[in-house]
Structure formats: C-alpha cells, structure tokens
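A.B. asks: Quick one, what's the 3D model for this:
(chains A and B)
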Number of protein chains: 2
Amino acid sequence: MAVIVQKYGGSSVADIEKIFHVARRVAKTAAGGNQVAVVVSAMGDTTDELLALAKQIMPNPPRRELAMLLSTGEQVSIALLAMALTALGYEAVSFTGPQAGVKTKGDHLEARIIAFEAERVKAALAAGKIAVVAGFQGARPDGEICTLGRGGSDTTAVALAAALGAETCEIYTDVDGIFTVDPRLVDNASKIAQITYDEMLELASLGAKVLHPRAVECAKEHGVLLHVRSSFHEKPGTIVEEVAGMEKEAVVRGIACDEDQVKIALRGVPDKPGVAARIFTAIGEAGINVDLIVQSLRRNGENDILFTISEEDFAEAIAILTPLTAEIGAKELLHEHNLAKISVIGAGMIHQAGVAAKMFDALAKAGINIEIISTSEIKISCLIDADRIQDAARAIHDYFQL
Amino acid sequence: MAVIVQKYGGSSVADIEKIFHVARRVAKTAAGGNQVAVVVSAMGDTTDELLALAKQIMPNPPRRELAMLLSTGEQVSIALLAMALTALGYEAVSFTGPQAGVKTKGDHLEARIIAFEAERVKAALAAGKIAVVAGFQGARPDGEICTLGRGGSDTTAVALAAALGAETCEIYTDVDGIFTVDPRLVDNASKIAQITYDEMLELASLGAKVLHPRAVECAKEHGVLLHVRSSFHEKPGTIVEEVAGMEKEAVVRGIACDEDQVKIALRGVPDKPGVAARIFTAIGEAGINVDLIVQSLRRNGENDILFTISEEDFAEAIAILTPLTAEIGAKELLHEHNLAKISVIGAGMIHQAGVAAKMFDALAKAGINIEIISTSEIKISCLIDADRIQDAARAIHDYFQL
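C.D. replies: Residues are numbered from 1 along each chain as shown, chains lettered A, B, ... in the order given. Alright, predicted model coming up:
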C-alpha cells in the first residue's frame, strides 16, 4: 500500500465548496488503495486578514505573538477538511503542526524544521484514517508555537513525505506544472515533464512561484519525489526527481523571469579585507535576499560593488546602507529601478560551451541591453530593462526552441 | 506581591478597541504592583461563526474536529491581547490552554479539567511578565485538544487561580455584580456585596447568568476568592467567599428567575423499584438538565412523576420519553409550557422556619398560583405562570425587603 502526501495551498481551501473539492480529490486517492496524508494551508486570505488585525494593534507586533495568531489559520483549515472527509464517509483525523510532530528551531516566524516525529500521523494512517496536517507551523522543543515563513506549507509536506517514506509528495496548485517560461509572458511556453532538484531549485529561486526553494532543498536532501500538478484536472504535472544520466544532456530546461529588481551600486569602496562581508552581513541579517553580486576592481585600490535586490526590500536596504556607506568609507551609494532578471536554467549547461553566448546573442538580436551578467553551474542570469522582459523571454524561448 | 487572575468574556474582547480597553485594565492592575494572569474567551461571536462554518459542512461534525476548530477562537484573542499589552509597554506572553498546562479528561467538547500544571505561567509571572491564557480549552494527556463546554472560561480562570494560589480571581462582566434579583424584572434590585459559594451556586444554577456553576464549584473546592465585577468602572462588585458565622444569619440573599420552563408529567407510572431511575437516566444521558422533580403517590400502586426542563430541551426529551412511557407501562405523557421558576436563596434559610411560608404568602397576596414547590437547604423554588414572573419577583423582593 503506497503512502502519498498531498499538499493544497490556501486558494484551494478558500471556501467550503473548495474544501469539498479537495476532500473529494483526497478521498479518490484513498479509495484507490493508498494511505493519504494531506497538508493544507490557511483558507484563502486568512493569513493576510490576521496580519492586518495585528497591525491594527501595533506596526511591529512581537514575533512570538504573531506566530501564535497566524497558526490559527491552518488549524481552522485542517478541522474543516477533516469534517468534509468525514461527511464523504471517510475516517479522517486532523493534526496541528505541533501535534503532527513538527519540531522546529530558531525564530518564531521564520522557524526551520529540525525533525518530523510523525508517530501520531503514522498511527492514524495505519488505522486506515486519512491524516490532515496543518502546514506552515510547528513547535520548538520547549513547546513554543512557530510558523515556518514563506514556503512553509510546501516544506511541511516534503518533510512529512520524508518522515513517512512516502512514494510521492504531490504539490497541488492552480497551474498545470512547471513551465519552460512564464506562460503569461510567452504564448508557446510548454510544460516540463521531468526536472532535476537542482534545476528546480534554480527555477524556484528565480521566480517560478509554484514551488518554494526550501521545499525543493528538503526534497533533494531526503530524495522525496515531488509531483507538481493541477488541482483542477487529473493530468500529470511536473515530476521533480534525481535522474541518472540526465546531467549529461546539455539542455536548457527553462527560463525564469524576476521583475521588480533594483540595482544597488556602492562606488569607491576601499579595497580592504572584510568590507564586502560587512555589507552583505548587514543586509543578510535584515532578511534581505541579495542576488547577482558583481565586484569590479577600479583604480587607486577602490572597488565598485553592485548587486540586485527585490523592490519590496528597497527601503530597508537603503536605511541600512546609507550609514554603512559612510562607515566603510565608500564614495557613493547609487540605485536604479525598473529592472528585471531573466535566467536560463539547465543541468547540462556547464558541459556545453556556448549556451551563454547563445543567450547574449538572442538578447542582442532583440536589441536588448544587458546590465549585469551572473552565471552558475546550471544557470545564466542577465539583468535587463523591465520593459523588455517579455521581448527577452520570447526571444530566448524561440532561440533555444523550448 | 499579590497574584491576581482576571477573566474577560468574549464581549469584552469583541474588537480591537475593546481589547485595548481590557489591556489598559490589566496593565493598571500590574502597575499597582501585582502579578497578573489574564484568562480570555474568543472575540465576540467568533465561536458561533466557527460553529456555523462547520455546520455548512455537516449537521453533526465529529466532536474532535469541532474542538480543534473552536479552540482557534481563544488563540486569536490571547495573541491580540498580548500584543495590545506590549503596545502599552508591558511584557506579556500568551499561552494556549495546552501550553498553560490545562490537563483535561473526557469528551472533546465537554472536557473537564483534571489538573492545571501552571509551571510555564508561574515562570512568566516570576519573570515580571503578564500571562495571557486561553480560556475554554485544554489538552488530554495524549495531546488531544479539547474544549471545556459552557462556562469553560470561568472555570479556566478559577482553576488557574487555584494553581497559582492567587489572592483573587476577578470575573469581569457587563453588569455590576450579582443582584438580589434580575434588575430587568425589579427596578430596585440591589447589588449583593458578599455571598457564600453555596448561595452563589444556587443563584448560578437558577438563572443568574453571570457566573457559571462549574466555576463556583471549583472555587468552593479550592477556596478561591471570586470577585464578580464590571469591566466598565472601578467600583467593587460581588465577593464570593466562605465566611465564618455567615451561616447563622437567616438571610434571603437573592431571588433567581428562570423562564422558558416546561412541565412534563408522566401519569400512572407503575410503583415499582427502578422506574424513576430508568426515566431520569435516559433523560440525563441525553445531557438534559432536569429540575424540580416531584413524585406523588396516587391510588392503585401508581405514581405521577412531574418534573421541569428547559424549553430548548423539550423536543429531545419528548423523543426519549414517548417510547419510554409505553415501555414502563405509564398511562399518559403530558406537558405544559409557558412556565417560569422563581427561587429565593439564602444560606441561613434552613435555620429559620417560615421563610417558605413568607414566600408563598407573598405570591398569594399578588394572586399568583403555584404549580410545583421544591425546597433545598438554602433555596425554595416555585413554578408559576411565566406571564406573572415580573409580578412575582417584585412581590417577593418587596416582601423580604431586599
């Protein structure tokens, strides 16, 4: 008897009708002779509504109390889904994150899972019941309730699948799977049938919003087979797994686009050891993700340090960097908005010279200027004018015949 | 340094403004040099709204899942109140029932507290923090989340006060305290300054809705001093405590009125051992509270058994009694609606002959007919026509000069 973990996001359980839709889907899998554990998020906009309530009290509520508040969202979903499964004639039992055995460490709102002690869930499955587990939450060993931050429910599902030794972890979403490029940008984008964890990680980090990188990392570490698929129909989606031999194929697997990028430039940074570390430690401690770091040596022992951040982190980054610019003796702090990042991803890329050249050629032919280039073993990213992102995506998609 | 437990009901925390009102009240007590633990219910109509959501799924949701769902209500309140206290500059920390150490047994929705292991709450108070505890909930030793049923938050507060050895357990409400009679019925009703647990128990059971009998029982057992008072002003309310010597005073302490009573009569019940037990066991197992049981021996070895129930239990009681009437060989099942029960309560009553006579005299002078009489050591109850309840309350209140 196969064990299958299914994860449904907040939009899939936004109202009673949708909860019944999910319940029927889960019930069908159970009726097919599988043991099923379901991970759900909070209903629809519940988390945002709770957050708004807290902000009415104070702009920066204590993080512990915010976790206490937000974790009620998933608890409502699991109870209602367990009821809906009962109404359909199935035995179901719900578990909060702490009850399911999600042990966390660290910050109350950005906790990380250190262990999934899934004995209660296992016992429920062994007793023929469907287990309904709250995503996004857990408890520290001292009993403190924590939430897992962005991508928390995906991560709960993957960690549960690992703990149960599940055959598959199905991530249900409102799209058909992972695409070669955002279908809103390029009409003939096509669904990827199979992709490696590393490729998926790059795609996930680079703006394919379907699956959170934390969950992909966790799946890679524990060898959990992921299936990203639509909750609207039964067709297969995208399988994420490690496939022997796949690395040797030189394939551009997909294109990722990130809009709302800001370029930050620190001009005239003294070329002394530890200066870059100081800048990026300060930024990192504020929880700001930095991407595309470029350092170029200028004259007179001074560097220019360039990097990109997301527009939403801009105000905070500037607040941190303005005093720091003076402290480290840099000459100038500059920023440029309305930029976008376009990346091509493929595990075989490193073995095949010329993929980068082809990408630059495609962009050049479309008359698109490149601001910054950054490469890794399996991706090449270019920062370009945000207004040209759609042209760029089409040009590259066509050039590589995805 | 005194430890004070305060309990605020759902209407006191119905919105953000009211939560701040409660927070200021709590803060003032803390600023007065006390250690304060606060017990709160779910905001306003939250519990009813969650219940309505569950009923959309199925008419009788599994009780376990309903407890899982409903317990989120208090969790939201405690987080928001802790935030409001933080916003006022106080250190506060919230605890769910399970976190606070409320250990329960029995049914998921009607759980009883078997122990309050308040170590975490004690540690928070010792560290100078205000502890905010979710009322109405706890967990079984196996980790199952349970709710405490009606009066659960009052009981949580009293049990916490007992566990902490608190000086006072303050029950905040929207009235000034416990009154000699319902002020809506009698204009010159007066507030009772001090009352014993037993008197309060009779008043609570008999329709003074301010304080739940379970909480009073718990307070009596553990000698917790209760202070029932208004959340709108600072004036003292009613103190509930055991007072030496108080028993000897022959005092009618107050009048309780219960409307919506139904009289059930089983006529011609065979006078055999165990028949009454059978009737009241069946009724009791359905969770129906029976009051004012009167059995009168008739001729031919047959009894009439009369008792009263609340109108809301009527349909269920009749469903149980109809087949039972035939089974036990009774002649007839009758019922009469639109009745009310009026009771006078006073710990000294038993030592003073004639209190009952005075009550009957007061009612007779007002031209009010008595259907059933029932007496205990500290109360006398009469069932009367519901339309005359206000006249009866006034007549008795004036007669005893309360």
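A.B. asks: element containing A:Leu69?
C.D. replies: Using DSSP states H and E, A:Leu69 sits in helix A:63-87.
A.B. asks: Name the residues of the stretch 1-150 of chain A found near chain B, please.
C.D. replies: Counting by C-beta under 8 Å from any C-beta of the partner chain, the residues of the stretch 1-150 of chain A lying close to chain B are A:16, A:19-20, A:50, A:53-54, A:56-58, A:61-62, A:64-66, A:68-69, A:71-72, A:75-76, A:78-80, A:82-84, A:86-87, A:93-94, A:96, A:99, A:120, A:143, A:145. (Glycine included, C-beta is placed from N, CA and C.)
A.B. asks: Drop anything exposed from those residues.
C.D. replies: Among the residues of the stretch 1-150 of chain A next to chain B, those classed as buried by neighbour count (16 or more other C-beta atoms under 10 Å in any protein chain shown) are A:16, A:19-20, A:50, A:53-54, A:56-57, A:61-62, A:64-66, A:68-69, A:71-72, A:75-76, A:78-80, A:82-84, A:86-87, A:93-94, A:96, A:99, A:120, A:145.
A.B. asks: now the helix-or-strand element of chain A with minimal mean pLDDT, how far from the chain's geometric center?
C.D. replies: In chain A, no helix or strand scores lower on mean pLDDT, DSSP states H and E than strand A:291-297, which sits at a mean of 74. Relative to its chain's centre, strand A:291-297 lies at 24 Å (C-alpha atoms, centre = their mean, to the nearest Å).
A.B. asks: do stretch A:281-289 as well
C.D. replies: Using C-alpha atoms, centre = their mean, the offset of stretch A:281-289 from its chain centre is 18 Å.
A.B. asks: What is the neighbour count of A:Ala2?
C.D. replies: Using other C-beta atoms under 10 Å in any protein chain shown, A:Ala2 is surrounded by 12 other residues.
A.B. asks: no no, A:Glu327
C.D. replies: 11.
A.B. asks: Next up, phi/psi of it, please.
C.D. replies: phi -60, psi -40 (degrees, to the nearest 10).
A.B. asks: Quick check: the gap between it and A:Gly284.
C.D. replies: Distance, A:Glu327 to A:Gly284, using C-beta to C-beta, to the nearest Å: 17 Å.
A.B. asks: got it, and A:Ile380?
C.D. replies: Between A:Ile380 and A:Gly284 the computed distance is 24 Å (C-beta to C-beta).
A.B. asks: looking at this, A:Ile264 is in a helix?
C.D. replies: No - remark: A:Ile264 does not belong to a helix; assigned using DSSP: H, G, I helix; E, B strand; the rest coil, it is strand.
A.B. asks: which residues in the stretch 151-300 of chain A form strands?
C.D. replies: Here the stretch 151-300 of chain A has its strands, by DSSP state E, counting those that start in this stretch, at A:168-173, A:194-195, A:226-230, A:238-240, A:254-270, A:291-297.
A.B. asks: So for chain B, which of the ones you listed sits nearest?
C.D. replies: Nearest to chain B among those is strand A:168-173 (20.0 Å), distances taken as C-beta to the nearest C-beta.
A.B. asks: what comes into contact with the closest one?
C.D. replies: With contacts defined as C-beta atoms under 8 Å, 6 or more residues apart in numbering or on different chains, strand A:168-173 is touched by A:2, A:4-9, A:12, A:22, A:25, A:154, A:157-158, A:160-161, A:210-211, A:215, A:219, A:224-231, A:237.
A.B. asks: one step back: same list as before, the strands of the stretch 151-300 of chain A that is, but in CSV and with mean neighbour count included.
C.D. replies: Below are the strands of the stretch 151-300 of chain A laid out as CSV (neighbours: other C-beta atoms under 10 Å in any protein chain shown):
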stretch, mean neighbour count
strand A:168-173, 24
strand A:194-195, 20
strand A:226-230, 22
strand A:238-240, 24
strand A:254-270, 20
strand A:291-297, 14
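A.B. asks: Break chain A down into its domains, please.
C.D. replies: Domain segmentation of chain A under automatic domain parsing yields A:3-173, A:254-399.
A.B. asks: returning to what we had before: please say which of A:Ile380 and A:Gly284 ends up with more neighbours.
C.D. replies: The neighbour count for A:Ile380 versus A:Gly284, taken as other C-beta under 10 Å, is higher for A:Ile380 (22 against 12).
A.B. asks: what about the more buried one, which SS state?
C.D. replies: On the three-state scheme (three-state DSSP), A:Ile380 is labelled strand.
A.B. asks: tally of neighbours for the residue lying closest to A:Lys18 once chain neighbours are set aside?
C.D. replies: Residue nearest to A:Lys18 in three dimensions, not counting chain neighbours: A:Ser12, with 6.0 Å by C-beta to C-beta, 6 or more residues apart in numbering or on different chains. For A:Ser12, the count of nearby residues is 22 (other C-beta under 10 Å).
A.B. asks: From A:Ala82, how far off is the nearest residue to A:Leu80 once chain neighbours are set aside?
C.D. replies: Distances taken as C-beta to C-beta, 6+ apart place A:Ile19 nearest to A:Leu80, at 5.4 Å, with adjacent residues excluded. With distances taken as C-beta to C-beta, A:Ile19 is found 10 Å from A:Ala82.
A.B. asks: A:Glu311 now?
C.D. replies: Noted for A:Glu311: a distance of 40 Å to A:Ala82, by C-beta to C-beta.
A.B. asks: Break down the stretch 301-402 of chain A into its helices, ranges please.
C.D. replies: A:314-327, A:355-365, A:389-399 (DSSP state H, counting those that start in this stretch).
A.B. asks: Check the stretch 51-200 of chain A too.
C.D. replies: Secondary structure of the stretch 51-200 of chain A (DSSP H, counting those that start in this stretch): helices at A:63-87, A:97-100, A:119-126, A:152-164, A:197-205.
A.B. asks: Look up which residues are beta-bridged to A:Glu302.
C.D. replies: Here A:Glu302 sits in beta bridges with A:Pro270, as judged by DSSP bridges.
A.B. asks: From A:Gln295, how far off is it?
C.D. replies: Look at A:Glu302 and A:Gln295: by C-beta to C-beta, they are 11 Å apart.
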